[in-house]
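1. 3D, please:
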Amino acid sequence: MLSSPAFRRPVKHRACSPFVMTLVAAAIIATASVAPPAANATIMQYLEIEDLARLSSDIFRGQVVSASVYWNAERTHIYTAIRVQINETFKGSTYRDQTVTVTQPGGEKDGIRMDYAGRPEFTMGEPVALFTIRGKNDDFIIVGLKQGKMRIERNEVVRDFSGILLVDGAGRGKGLRPATLKSTRLTVDELRNRITRGR
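-> Predicted coordinates:
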């Protein structure tokens, strides 16, 4: 969603999609085995840059040029479509100056908000690096919630994990344990190199 006062005012809420409800249910069940629990957080496995690169069909950096929020045909779910003009492609078939649509569930429409913890947020004109897979409608879907969306500040790439309780994938079958996070900042050159190693 694009940050704006409209997204922060109190609004009515409707039920989330089955995918989001599954994440919420998993978060409620898993919180008991992770201490200390994070309030209003989605629990998911921590993904290194190399992990994201392997999971993604298209990775690119560019600038947010617009966003629109809409209902699906049945008016049961709200989606946000973010338009991004590409500056550089790291993986996939996108190209410089192409404008692509990144679609994600959630947003606010007609005074109703559908939201979930860890949903990537966008601002107009924001430079971003995105790890995505191809959608069904010639669009792109971000991999790993906020883990797959990174903000670019000059020559640095910044990772934002707010709203996500990250756990170590190596602990599968032995209970969940919080992940040990490395730096949340890296250079654009380091990002390129790590994507190359991971894909």
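2. and the contacts of stretch 129-142?
-> With contact meaning Cβ atoms under 8 Å, 6 or more residues apart in numbering, stretch 129-142 is reached by 52-53, 55-62, 81, 84, 90, 100-104, 120, 143-144, 147-150, 152, 157, 188, 191. Quick note: C-beta positions are derived from backbone N, CA and C, even for glycine.
3. quick one: average confidence on that stretch?
-> For stretch 129-142, the mean pLDDT works out to 96.
4. buried set for that stretch?
-> Neighbour-count burial for stretch 129-142, counted by 16 or more other Cβ atoms under 10 Å, picks out 129-132, 139-142.
5. find the least confident helix or strand in the chain, judged by mean pLDDT.
-> In the chain, the helix or strand scored least confidently by mean pLDDT, DSSP states H and E is helix 18-31, which has a mean of 37.
6. what's the following helix or strand after that one?
-> In the C-terminal direction, the helix or strand that comes right after helix 18-31 (DSSP states H and E) is strand 42-45.
7. direction included, what does that following strand pair against?
-> strand 164-167 (parallel) (DSSP bridges).
8. keeping just the C-alphas, turn the partner strand into PDB.
-> The C-alpha coordinates for strand 164-167 follow below in PDB (Å, rounded to 0.1, in the frame of the first residue of the first chain):
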ATOM      1  CA  ILE A 164       7.400 -10.300  11.000                       C
ATOM      2  CA  LEU A 165       8.600 -12.700  13.600                       C
ATOM      3  CA  LEU A 166      11.500 -14.500  11.900                       C
ATOM      4  CA  VAL A 167      12.400 -18.000  12.800                       C
END
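9. average model confidence for the helix or strand just after that strand?
-> From strand 164-167 onward toward the C-terminus, using DSSP H and E, the following helix or strand is strand 185-187. Averaging pLDDT along strand 185-187 yields 96.
10. give the other helices and strands that strand 185-187 contacts.
-> Identification of packing neighbours for strand 185-187 by 3 or more Cβ pairs under 8 Å, 6 or more residues apart in numbering; DSSP states H and E yields strand 156-159.
11. rewinding a little: show me which of the contacts of stretch 129-142 are buried.
-> For those, buried by 16+ other Cβ under 10 Å: 52-53, 55-56, 58-62, 81, 84, 90, 100-104, 120, 143-144, 147-150, 152, 157, 188, 191.
12. re the thing from before, so of the buried residues of stretch 129-142, which ones are in strands?
-> 129-132, 140-142 (DSSP state E).
13. okay, now the nearest residue to Asp168 once chain neighbours are set aside: neighbour count?
-> Distance criterion Cβ to Cβ, 6 or more residues apart in numbering; nearest residue to Asp168, sequence neighbours excluded, is Ala179 at 4.6 Å. Neighbour count for Ala179, taken as other Cβ atoms under 10 Å: 19.
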